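Peer 1: Here is my input; please provide its structure:
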Amino acid sequence: MRSIIAAVSGLSARLRRTALLLGIWLGLLASPAGAVVAVPADLQSLQLRPQVEYLEDASAQLTIDDVVALAKSGRFTRVQGSGDLNLGFTPSALWVRLVLRSDSEQPLDTLLEVAYPQLDRVEFHTVDMPGQVPLSSGDTLPFSARPWQHRNIVFPLRLEPGQVQTVYLRVVSRGSLTVPLKLWSPRALQDHDQWAYAAHALYFGVLLTLGIYNLLLFASVRDRIHLAYVANLATFALGMLGVLGFGHQFLFPELPQAADKLPLFGLSLYGFFALMFVRAFLQTRAWGPRMDLALKVVAFTALATSLGVFATDSGPFVKMIAVLAPVASMCSLLAGLAALHKGQPGARIFVFASLVFQFGLTAYGLRALDLVPSNALTSYGIQWGSVIEMMLLSLALADRIQALRHEKERAQAEALRARRSAVEALQDAEKRLEDRIAERTAELARANEHLLASQRELSRLALHDGLTGLANRAHLEEQLLLAVARCRRAGTGCAVLLIDLDGFKAVNDTRGHAVGDALLKSVADRLRSQVRASDLVARVGGDEFVVVFEPAETEALAVSLSRKLLDALGKPHRVADEVFTVGASIGIALVPAHGTEPKELLERADRAMYEAKRRGKGCFEVARPVA
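Peer 2: Down below sits the predicted model:
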């Protein structure tokens, strides 16, 4: 029984293999001329470039039926060379043709990856499956519209056992028409993405760390070159987010227009900030005006280009970016070499950083042309090249800070040496002139004492009335301001008494100014004798005086002092063997009842004084409370 079952099983297996070979043979007969890509059953990943055929549609009007007919007539062209399919900048539509055959005995789910996320639109057609709806993807469509959620352009494709499947891709883009194709199993692409996304996260994390570090340096040293570095780094990172497809996936998933412009805008703006950083770091303006002018011209051209990418027809600006990139890179390198020749600090590290970045770009380009094997070094040449460059530039900035610090220390040491030399020369001069100095010491001391006395007298005259010796208006306002502040802190009050003499003008006019001045001195002496040592008496006009009475908790105290002053001033004054009698009118303003500003208090006291004069003179009046 077992032998019968084994025989039947063996026959069944041979029949299945025969049917599979027959299906493959029939598929080959049915398919148009062209290389057939054998897809193994254990597919992980498969480069499709050697079997890719293409047709350039200059009118961009061909339909899928037109293209299938042209394929049968042998109008498709095999990709020449070892690099990825690349037509450069062209308004044509590109049709790509692939013929796939599954060697699996089971249905095989695969993913067709176009690893160039900057393509505007890619349409996916399978003509061997009737009723199959074409799929579309690209950075001009919302990310949610992609048939497979991935930063690159990915289409799912199911291959039946032994089936020969013809796939057509229609590609249009205002940028470079580059179509790198690879076939994946879903699990292999997922495993690859884990490492790829981790590597990119590390890459952008390093850039972010360098940016934050240099922002902190700017906050510490206040050197604007660190801001230029951060702008340089940030715009490059922004451009790379667009180039790698992360901008469309994470930043602008539902804004395809923004995602489409992001790499162009970021990289052209990076060109501007990179060249401005080069000018600042190498200080080209100081040693190379022509080189500095060339860098400035290219930089502002890049800035204008970054704005031009938002134009309705951005095609010319896209081409301009492609031209500016090598020009800016070459200008930076030449400026670095010239600075190195002139011995500029940091130029050696700058040149090395530029060469590392150029090496990374070259490795990436050679991998795209299949001239070097694809590995972590060549696949991520731009990333590791830019990271190392940015790290070296950050190191160069730190070295620049150190160089500036050393230069400052050398300057300080030189200044110290010069100071010591001056001191030694001075000491020598002192020794030679010791006798003369001894002779002049006493004279200088006397002159100094006279000068100090003059200064004290000038200070006194600046704050006091020259005739009476009382405080003048400036001193009054200063002391009144301090008195109000003390009252406010202590919660107490003070009083301002403005005194105007009654009958003084008649004496001054009839007896002369000399007698008038003597009478004013007598009035000043009586005012001083009637107040406390802590109170201030000032003369603010011809015959106007002010008393600051502090502290004065109640109005009654101010009134009491006013009566006392009126009594004292009303007594006869003996001046030049003559006796004169003058009176006074007093206006009272209280703190805080009548204000807290010196000017306000004096004005209210002045109005109260005039009210007292209207009442008949020889009396006092309290100002009205503040409304």
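Peer 1: what domains does the record give for the chain?
Peer 2: When the chain is parsed with automatic domain parsing, its domains come out as 1-30, 31-184, 195-405, 464-622.
Peer 1: Serialize these to JSON lines and add fields for mean pLDDT and mean neighbour count.
Peer 2: Bear in mind the C-beta positions are built from the backbone N, C-alpha and C, glycine included. Below are the domains of the chain laid out as JSON lines (pLDDT from 0 to 100; neighbours: other C-beta atoms under 10 Å):
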{"stretch": "domain 1-30", "mean pLDDT": "38", "mean neighbour count": "11"}
{"stretch": "domain 31-184", "mean pLDDT": "88", "mean neighbour count": "17"}
{"stretch": "domain 195-405", "mean pLDDT": "86", "mean neighbour count": "18"}
{"stretch": "domain 464-622", "mean pLDDT": "90", "mean neighbour count": "18"}
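Peer 1: Go through those and name the closest to Gln455.
Peer 2: With C-beta to C-beta, the closest approach to Gln455 among the domains of the chain belongs to domain 464-622: 14.5 Å.
Peer 1: okay, how far is it across that closest one, tip to tip?
Peer 2: 27 Å (C-alpha to C-alpha, to the nearest Å).
Peer 1: Next: stretch 490-509.
Peer 2: Start-to-end, stretch 490-509 (C-alpha to C-alpha) is 46 Å.
Peer 1: ditto for stretch 532-551
Peer 2: Stretch 532-551: ends 11 Å apart by C-alpha to C-alpha.
Peer 1: My guess is Arg151 contacts Leu251. True?
Peer 2: No: assessed by C-beta atoms under 8 Å, Arg151 is found out of contact with Leu251, at 11.5 Å.
Peer 1: how close does Ser220 sit to Gly266?
Peer 2: 28 Å (C-beta to C-beta, to the nearest Å).
Peer 1: got it, and Gln402?
Peer 2: In terms of C-beta to C-beta, Gln402 sits 32 Å off from Gly266.
Peer 1: How about Gln283?
Peer 2: For Gln283, the distance to Gly266 - C-beta to C-beta - is 27 Å.
Peer 1: Helix or strand: which one has Leu70?
Peer 2: Assigned by DSSP states H and E, Leu70 belongs to helix 64-72.
Peer 1: Render the CA-only coordinates of that helix in CSV, please.
Peer 2: The C-alpha coordinates for helix 64-72 follow below in CSV (Å, rounded to 0.1, in the frame of the first residue of the first chain):
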residue,chain,number,x,y,z
ILE,A,64,-1.3,52.1,-22.2
ASP,A,65,-2.8,50.6,-25.4
ASP,A,66,-0.5,52.6,-27.6
VAL,A,67,2.5,51.6,-25.5
VAL,A,68,1.6,47.8,-25.6
ALA,A,69,1.3,48.0,-29.4
LEU,A,70,4.7,49.7,-29.6
ALA,A,71,6.2,47.1,-27.3
LYS,A,72,5.0,44.3,-29.7
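Peer 1: Okay, now the sheet partners of whichever helix or strand comes after it, with direction.
Peer 2: Downstream of helix 64-72, the first helix or strand assigned by DSSP H and E is strand 77-78. Within its sheet, strand 77-78 is paired with strand 53-57 (antiparallel), according to DSSP bridges.
Peer 1: quick one, the partner strand and helix 64-72 angle?
Peer 2: Orientation check (axes from the mean of the first three to the mean of the last three C-alpha atoms, to 10 degrees): strand 53-57 against helix 64-72 gives 130 degrees.
Peer 1: contacting residues around Leu377?
Peer 2: Residues in contact with Leu377 (C-beta atoms under 8 Å, 6 or more residues apart in numbering) are Ala363, Trp384.
Peer 1: ok, now Val318?
Peer 2: Phe89, Arg174, Gly175, Leu264, Val309.
Peer 1: what about the helices in the stretch 401-550 of the chain?
Peer 2: 434-463, 473-490, 504-511, 513-530 (DSSP state H, counting those that start in this stretch).
Peer 1: Show me what the last one is packed up against.
Peer 2: Meaning helix 513-530. Helix 513-530 sits against helix 504-511, strand 536-539, strand 544-549, helix 555-570, strand 573-575, strand 578-580, with contacts defined as 3 or more C-beta pairs under 8 Å, 6 or more residues apart in numbering; DSSP states H and E.
Peer 1: Swap in 10 Å and give it another go.
Peer 2: strand 494-502, helix 504-511, strand 536-539, strand 544-549, helix 555-570, strand 573-575, strand 578-580 (3 or more C-beta pairs under 10 Å, 6 or more residues apart in numbering; DSSP states H and E).
Peer 1: now the first one
Peer 2: Helix 434-463 is packed against helix 473-490, with contacts defined by 3+ C-beta pairs under 10 Å, 6+ apart.
Peer 1: How far does the helix it packs on sit from its chain's centre?
Peer 2: 47 Å (C-alpha atoms, centre = their mean, to the nearest Å).
Peer 1: circling back to that earlier point, okay, the helices and strands packed on helix 513-530 in TSV with distance to Thr235 next?
Peer 2: Listed next are the helices and strands packed on helix 513-530 as TSV, based on distance: least, C-beta to C-beta, whole Å:
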stretch	distance to Thr235
strand 494-502	65
helix 504-511	82
strand 536-539	67
strand 544-549	67
helix 555-570	73
strand 573-575	87
strand 578-580	89
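Peer 1: What segments of the stretch 151-300 of the chain are helices?
Peer 2: Going by DSSP H, counting those that start in this stretch, the stretch 151-300 of the chain shows helices at 186-221, 225-243, 246, 256-282, 284-287, 289-308.
Peer 1: Minimum distance to Thr140: which of the ones you listed has it?
Peer 2: Among those, if distance is taken as C-beta to C-beta, the winner is helix 256-282, at 5.0 Å.
Peer 1: What helices and strands are in contact with that closest one?
Peer 2: helix 225-243, helix 284-287, helix 289-308, helix 315-341, helix 347-368, helix 381-432.
Peer 1: if we compare the ones you listed, which one ends up closest to Arg488?
Peer 2: Closest among those, using C-beta to C-beta: helix 225-243, at 46.7 Å.
Peer 1: Show me what the next helix-or-strand element following that closest one is packed up against.
Peer 2: Next along the chain after helix 225-243, taking DSSP H and E as the criterion, comes helix 246. Counting contacts by 3+ C-beta pairs under 10 Å, 6+ apart, helix 246 is packed against helix 186-221.
Peer 1: so what secondary structure elements neighbour the helix it packs on?
Peer 2: Packed next to helix 186-221, using 3+ C-beta pairs under 10 Å, 6+ apart, are strand 45-47, strand 108-114, strand 153-159, strand 181-184, helix 225-243, helix 246, helix 376-379, helix 381-432.
Peer 1: would CSV of those with distance to His513 be doable?
Peer 2: CSV is the format used below for these (distance: least, C-beta to C-beta, whole Å):
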stretch, distance to His513
strand 45-47, 114
strand 108-114, 107
strand 153-159, 105
strand 181-184, 111
helix 225-243, 71
helix 246, 93
helix 376-379, 103
helix 381-432, 56
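Peer 1: Tell me which of the ones you listed sits nearest to Phe300.
Peer 2: helix 225-243 (14.8 Å).
Peer 1: Helix 315-341 and the closest one, what's the angle between them?
Peer 2: 140 degrees.
Peer 1: So which elements touch helix 225-243?
Peer 2: helix 186-221, helix 256-282, helix 381-432.
Peer 1: nearest to Pro625, of those helices?
Peer 2: Per C-beta to C-beta, nearest to Pro625 of the helices and strands packed on helix 225-243: helix 186-221, 54.4 Å.
Peer 1: I'd like the helices and strands packed on helix 225-243 as JSON lines, with distance to Arg170 appended.
Peer 2: Formatted as JSON lines, those follow (distance: least, C-beta to C-beta, whole Å):
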{"stretch": "helix 186-221", "distance to Arg170": "23"}
{"stretch": "helix 256-282", "distance to Arg170": "18"}
{"stretch": "helix 381-432", "distance to Arg170": "28"}
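Peer 1: looking at the helices and strands packed on helix 186-221, which is closest to Thr305?
Peer 2: Minimum separation from Thr305 across these (C-beta to C-beta) falls at helix 225-243, 12.4 Å.
Peer 1: what's the angle from that closest one to helix 186-221?
Peer 2: Using the same axes, to 10 degrees: helix 225-243 against helix 186-221 is 170 degrees.
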